[in-house]
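Colleague: After the sequence you'll find the predicted model.
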Amino acid sequence: GENVEQHPSTLSVQEGDSAVIKCTYSDSASNYFPWYKQELGKGPQLIIDIRSNVGEKKDQRIAVTLNKTAKHFSLHITETQPEDSAVYFCAASGRSSASKIIFGSGTRLSIRP
Amino acid sequence: DVKVTQSSRYLVKRTGEKVFLECVQDMDHENMFWYRQDPGLGLRLIYFSYDVKMKEKGDIPEGYSVSREKKERFSLILESASTNQTSMYLCASRPGTSGRRNTQYFGPGTRLTVL
C-alpha cells in the first residue's frame, strides 16, 4: 500500500546549525507534499508544502526539495533557533481533494543552546 | 483563520465505558478526519468523512465508530474503551474544492487515558 518513510526519528542540532529531514514515498501518483510542525501540547500545523511541478520551495529559513524520479523530498531548516524544537511530519497525497494524506512517522527535532 | 476545536484536551475513562470525542470546524470544510498519534507510529487514520452522513474507514477503524450529522461536527465514538486505546486523538478538516485543496488543519488533540 501507500507508504511514506521519514528519517531520522530524532535529530539534535546545535543552535545556529542546519537541520535536514528526509522522506521517501511509494505512490508515484502523489503530487502534493506538505510538512507539518507539532509543538508540545498542540496539533500539527502546516509550515510549508510543495507540489510536483516544483523542485524546490523556500520560505525564510525553511526550504523543501523534491526529487520525483527518486520519490524523495526533504525539509531543510537553516540557522536553527530554540523555537524550531518540535516534531516534524512529512506527508504525501494525490491530486484530488478527496485523496488521503499519508504521513511519515515524525522526527523529533531538538535544538541545543 | 481556520479553527478546529476538540471538546476535551484531557480525558480519563475506565475500561468498558463508551467514550465520545467531539470535533468542530468553523470553515465549512467538506472533509473531516480522525487520527490517533502514538510514539514512533506517527499519525494513523481511524475514519474520515467527505460529507454529512458519509464515512469511510481509515487504516485502523477497529474498535471505533464515527458520526457526522452536521457538516461542522465529526464525532469519534469508542463503543467499549480498552486500555490499548489510550492515545492522543487528533481531528482535522480539509476543504473540498476551493483554495488549498489538500491542506489539512488540525485541532489541538485530546489525550485519552483508559484505565
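Modeller: Yep, it's here.

Colleague: all contacts plus neighbour counts: C-alpha atoms, from now on.
Modeller: OK.

Colleague: Okay, and the beta partners of the closest residue to chain A within chain B?
Modeller: Nearest residue of chain B to chain A (Cα to the nearest Cα) works out as residue B:42 at 3.8 Å. Residue B:42 has the following beta-bridge partners by DSSP bridges: residue B:38.

Colleague: Can you point out the buried residues in stretch A:14-34?
Modeller: A:15, A:18-25, A:27, A:30-34 (16 or more other Cα atoms under 10 Å in any protein chain shown).

Colleague: Let me see the residues that make contact with the lowest-mean-pLDDT helix or strand in chain A.
Modeller: Lowest by mean pLDDT, DSSP states H and E among the helices and strands of chain A is strand A:102-103, with a mean of 90. For strand A:102-103, the surrounding residues in contact (Cα atoms under 8 Å, 6 or more residues apart in numbering or on different chains) are A:2-4, A:89-93, B:42-44.

Colleague: What is the nearest of those to residue A:10?
Modeller: residue A:89 (11.8 Å; Cα to Cα).

Colleague: and the residue of chain A found nearest chain B, how far is that from residue A:91?
Modeller: The minimum distance from chain A to chain B, using Cα to the nearest Cα, falls at residue A:105 (3.8 Å). Distance of residue A:105 to residue A:91, computed by Cα to Cα, to the nearest Å: 9 Å.

Colleague: before we move on, the earlier item: beyond the least confident helix or strand of chain A, next helix or strand please.
Modeller: strand A:107-112 (DSSP states H and E).
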